[in-house]
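Peer 1: Coordinates only, no sequence provided:
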């Protein structure tokens, strides 16, 4: 017998009631709220992971495969690093700021990692480094701990955050393109979702 209710349920779109699309970047206040929470809780690994995710602007797959030698040499954390992107096969450079360098140094000392080790090893047997799924759960806990809607944020939020803040401050798309490792400027424009924001801003400043 035909069951209309069951048929309608089966036709419901998978994303009904879910927030889809690009994940929101963090604001400066949200960055400091998460950072303070992690510092107060003594979560060295998470603090290093959070800070490096912001500075590096790397995709999760590239961030989690970093080894100690990628960010540190001769016992000191570098101020810059270069990584080959898995998705594009192109190298991308990023800065390691003072706060990030200190948190990485604290984590390396605490975890007693050597140069060939993965920077963020997994605690799950059989996994060499944190998986993207583990990372996603960690990010969800970070944003949830400061009262944000976890469905609006994800691992890509951290990749977008510093790039978005930089663009808003400088309007330099070329610089953001280089930092994100995009081959085309159009990709950066779409990624930041800035076209309509810029158009509205210019329109608001014009009186007719």
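Peer 2: Good, I have the coordinates. What you are looking at is a predicted structure, and each value in this text was computed from that prediction instead of being measured. Residues are numbered from 1 along each chain as shown.

Peer 1: Let me know the secondary structure of residue 82.
Peer 2: strand (DSSP: H, G, I helix; E, B strand; the rest coil).

Peer 1: same deal with residue 138?
Peer 2: Strictly by three-state DSSP, residue 138 counts as helix.

Peer 1: got the contact list for the nearest residue to it once chain neighbours are set aside?
Peer 2: The spatial neighbour of residue 138 that comes closest, neighbours along the chain excluded (C-beta to C-beta, 6 or more residues apart in numbering), is residue 46 at 6.5 Å. For every residue, glycine as well, the C-beta is placed using N, CA and C. The neighbourhood of residue 46, defined by C-beta atoms under 8 Å, 6 or more residues apart in numbering, consists of 38, 138, 142.

Peer 1: What about the second one, how many residues nearby?
Peer 2: Just to be clear, that refers to residue 138. 18 (other C-beta atoms under 10 Å).

Peer 1: returning to that earlier point: part of a helix, is the residue nearest to residue 138?
Peer 2: Yes: assessed with three-state DSSP, residue 46 lies in a helix.

Peer 1: Renumber starting at 36 from here on
Peer 2: Got it, first residue is 36 now, which makes that one residue 81.

Peer 1: would TSV of the contacts of residue 81 with distance to residue 159 and pLDDT be doable?
Peer 2: Shown next, in TSV, are the contacts of residue 81 (distance: C-beta to C-beta, whole Å; pLDDT from 0 to 100):
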residue	distance to residue 159	pLDDT
73	21	98
173	13	97
177	19	97
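
Peer 1: Now render those residues as a markdown table, adding distance to residue 115.
Peer 2: As requested, the contacts of residue 81 are exported to a markdown table (distance: C-beta to C-beta, whole Å):
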| residue | distance to residue 115 |
| --- | --- |
| 73 | 24 |
| 173 | 25 |
| 177 | 26 |
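
Peer 1: mind listing the strands in the chain by residue range?
Peer 2: Under the criterion DSSP state E, the chain carries strands at the ranges 107-108, 111-112, 115-119, 126-130.

Peer 1: got a list of contacts for the second one?
Peer 2: Spelled out, that is strand 111-112. Residues contacting strand 111-112 (C-beta under 8 Å, 6+ apart): 106, 131, 136, 137, 139, 140, 143.

Peer 1: I'd like the average pLDDT over that strand.
Peer 2: Strand 111-112 carries an average pLDDT of 96.

Peer 1: That one: partners in the sheet, and parallel or antiparallel?
Peer 2: strand 107-108 (antiparallel) (DSSP bridges).

Peer 1: outside of the partner strand, which residues touch it?
Peer 2: By C-beta under 8 Å, 6+ apart, strand 107-108 touches 113, 139, 143, 150.

Peer 1: how far is it from where the chain is centred?
Peer 2: Taking C-alpha atoms, centre = their mean, to the nearest Å, one finds strand 107-108 lying 22 Å from the centre of the chain it belongs to.

Peer 1: and what of stretch 187-204?
Peer 2: 7 Å.
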